[in-house]
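K.L.:
got a predicted model here, sequence first, then my questions.
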Amino acid sequence: MRKIVVLILLFACLLPAAPRASRAQTRKSVRQVSSNPEAVTRRFYAWYLGRLNKDDWDPLKRRREALKYLDARFYRRAPGLMGHGDADIFICAQDWMKEWADKFTVAPAVVRGRKATTIVTLPVKEGEQIRIKLMLRRAGGIWKIEGTDCLLDFEEAR
């Protein structure tokens, strides 16, 4: 009888620890994915362009997913920024090409402390491309996108 009671108590003590371990592993994997600006940028564009290709005209309505990549302040400002210009602030165009989901490139980031910039390139046609400068900020070890800027071909990334 004592053995059964001891086993039940042991089981009761170990059961609550199991979900904590999986949450800790999830947090760790999110941090690993978010540990460098290029990885965050690549994952964001794969997600964002993938949503557009699925005829999801407003991927940012998927708040939880968007906030994995975007700074909360930038996320709140993004709809207003999209309304002011003629172009989507993440692709610097009104329309997109389905091929972008497979063919976009991310340049190595320039990191200065807790800030970083990188350039995303979307191929349009032979010899032409769209370049988007992304500004990222690291908080708590996680990189998040905090701004975008459409670059003209003659502009340099600063």
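P.N.:
Sure, I can see it. Numbering: from 1, shown residues only.
K.L.:
alpha carbons only for contacts and neighbour counts from here, please
P.N.:
Fine.
K.L.:
just the C-alphas of stretch 107-114, formatted as CSV.
P.N.:
Extracted in CSV, the C-alpha atoms of stretch 107-114 (Å, rounded to 0.1, in the frame of the first residue of the first chain):
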residue,chain,number,x,y,z
ALA,A,107,21.9,40.1,-47.7
PRO,A,108,24.2,39.6,-44.7
ALA,A,109,23.1,42.0,-41.9
VAL,A,110,25.1,44.9,-40.7
VAL,A,111,24.9,44.7,-36.9
ARG,A,112,25.7,47.6,-34.6
GLY,A,113,24.9,46.7,-31.0
ARG,A,114,21.2,46.0,-30.6
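K.L.:
got the contact list for that stretch?
P.N.:
With contacts defined as Cα atoms under 8 Å, 6 or more residues apart in numbering, stretch 107-114 is touched by Pro37, Glu38, Ala116, Thr117, Thr118, Ile119, Val120, Arg137, Arg138, Ala139.
K.L.:
nearest to Met82 among these?
P.N.:
Nearest to Met82 among the contacts of stretch 107-114 is Val120, at 18.1 Å by Cα to Cα.
K.L.:
quick check: Lys103 touching Lys125?
P.N.:
No - judged on Cα atoms under 8 Å, Lys103 makes no contact with Lys125 at a distance of 11.6 Å.
K.L.:
residue closest to the middle of the protein?
P.N.:
Tyr69 (2.7 Å; Cα atoms, centre = their mean).
K.L.:
what's the local residue count around the closest residue to that residue other than its chain neighbours?
P.N.:
Leaving out its chain neighbours, the residue that sits closest to Tyr69 by Cα to Cα, 6 or more residues apart in numbering is Lys144, at 5.2 Å. Neighbourhood size, Lys144 [other Cα atoms under 10 Å]: 27.
K.L.:
what does Leu81 give?
P.N.:
Leu81: 14 surrounding residues under other Cα under 10 Å.
K.L.:
check Lys61 too.
P.N.:
By the criterion of other Cα under 10 Å, Lys61 has 11 neighbours.
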